[in-house]
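> I'll drop the sequence and a predicted model, then ask my questions.
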Amino acid sequence: MQILRNIAEVKDFLILNQGKEIGFVPTMGALHAGHESLIKKSVQDNEVSIVSVFVNPTQFLAGEDLEKYPRDEAHDIEVAKAAGATAIFLPDVSQMYPSDISIKAPSALASILEGATRPGHFDGVCTILAKFFNIIRPMRAYFGKKDTQQLIIVQNLVKSLFFDIEIVPCDIIRAGDGLALSSRNSYLDESELIEACKLYRALVKAKALVSAGTFSSDVIKAEMAKVLNPLKIDYIEICDRELNSINQIQIDKSIILIAAYVGKTRLIDNLWL
């Protein structure tokens, strides 16, 4: 696996691999089994797989965890290599932001759910991904369904800016207790890890209600809130696949999304139905 630290090295790498199908897995590092699954999927689908590790400052709001966000370059290199990546791109901020240009995420998608709590977050996501897409020119890029709103916004970005890239959604990877894997799980102590599992249990409750014939969004959200108690809930929302709020679950067309605080750590999870 090649280690690339600047854009010039990426361009040289791409020249050497010209004509090959390239898969791209963008990450903010602190790689775990969820990231590993994305890399392995890319390796399966493509002749060349590039992983980026970059903690993107423009998607963090003032007072968020930019400075303490987990970073472990040596670990990330080993995980990417073990998963079969062809190259890992490890740029610094000066490489990726030579100027303060930014791309606006579509307001209808970016102002709700995560965007309501984190205004401007998705502008940062769209900006950095547009830069990576232009540098790497992948055929396919891989995103986890855990960040469902991000996935849908990225699909919109690619369509709107005419990037010739297939966005490949990948299933959530969970721990044995159901907790969705996340780099921010490292902030949780032992008791908080137990409490964090309530997000998954709330989704399991929702799935059971739907299986029993309950389709009312209000009823399902109320029952989920009971499971999440006493966690501080940011939102429980039931949407269609374009993130429009819906009153009734429609099978194969709906997503249930949760954001809640476990201690000081804000976690998200979701279920596609």
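Right, received. Where do you want to start?
> can you give me the helices in the stretch 1-150 of the chain?
7-16, 33-45, 73-83, 93-96, 107-110, 114-117, 121-136, 148-160 (DSSP state H, counting those that start in this stretch).
> quick one, which of the ones you listed is nearest to Asp171?
helix 33-45 (7.8 Å; C-beta to C-beta). Bear in mind the C-beta positions are built from the backbone N, C-alpha and C, glycine included.
> Identify the residues contacting that closest one?
Contact with helix 33-45 is made by 21, 23-25, 27, 49, 51, 79-80, 82-85, 140, 142-144, 146, 168, 170-173, 180-182, as judged by C-beta atoms under 8 Å, 6 or more residues apart in numbering.
> Narrow these to those that are buried.
Taking 16 or more other C-beta atoms under 10 Å as the criterion, what is buried in those is 23-25, 27, 49, 51, 79-80, 83, 85, 140, 142-144, 146, 168, 170, 172-173, 180-182.
> Show me the residue at the heart of this protein, geometrically.
Asp147 (3.7 Å; C-alpha atoms, centre = their mean).
> Ends of stretch 163-177, what's the gap?
End-to-end distance of stretch 163-177 (C-alpha to C-alpha, to the nearest Å): 38 Å.
> Also stretch 97-106?
With C-alpha to C-alpha as the measure, the first residue of stretch 97-106 is 21 Å from its last.
> which residues are in contact with that stretch?
Against stretch 97-106 from outside (C-beta under 8 Å, 6+ apart): 57-58, 115, 122-127, 130, 153, 156-157, 160.
> Let me see the mean pLDDT of it.
Mean pLDDT, computed over stretch 97-106, is 94.
> what does stretch 51-64 give?
96.
> cool, and stretch 121-137?
Averaged over stretch 121-137, pLDDT sits at 98.
> Only C-alpha atoms, please: export the longest helix seen in the chain in PDB.
Determined from DSSP state H, the single longest helix within the chain is helix 190-211. Provided in PDB are the C-alpha atoms of helix 190-211 (Å, rounded to 0.1, in the frame of the first residue of the first chain):
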ATOM      1  CA  GLU A 190     -18.000   1.700  30.200                       C
ATOM      2  CA  SER A 191     -21.400   2.800  31.700                       C
ATOM      3  CA  GLU A 192     -22.000   5.200  28.800                       C
ATOM      4  CA  LEU A 193     -21.400   2.400  26.300                       C
ATOM      5  CA  ILE A 194     -24.200   0.400  27.900                       C
ATOM      6  CA  GLU A 195     -26.500   3.400  27.700                       C
ATOM      7  CA  ALA A 196     -25.600   4.100  24.100                       C
ATOM      8  CA  CYS A 197     -27.100   0.700  23.100                       C
ATOM      9  CA  LYS A 198     -30.500   2.300  23.800                       C
ATOM     10  CA  LEU A 199     -30.300   3.900  20.300                       C
ATOM     11  CA  TYR A 200     -30.200   0.500  18.700                       C
ATOM     12  CA  ARG A 201     -32.900  -0.900  21.100                       C
ATOM     13  CA  ALA A 202     -35.200   1.900  20.100                       C
ATOM     14  CA  LEU A 203     -34.800   1.000  16.500                       C
ATOM     15  CA  VAL A 204     -35.400  -2.700  17.200                       C
ATOM     16  CA  LYS A 205     -38.600  -1.600  19.100                       C
ATOM     17  CA  ALA A 206     -39.700   0.400  16.000                       C
ATOM     18  CA  LYS A 207     -39.100  -2.500  13.700                       C
ATOM     19  CA  ALA A 208     -41.100  -4.800  16.000                       C
ATOM     20  CA  LEU A 209     -44.000  -2.400  16.000                       C
ATOM     21  CA  VAL A 210     -44.000  -2.200  12.200                       C
ATOM     22  CA  SER A 211     -43.800  -6.000  11.900                       C
END
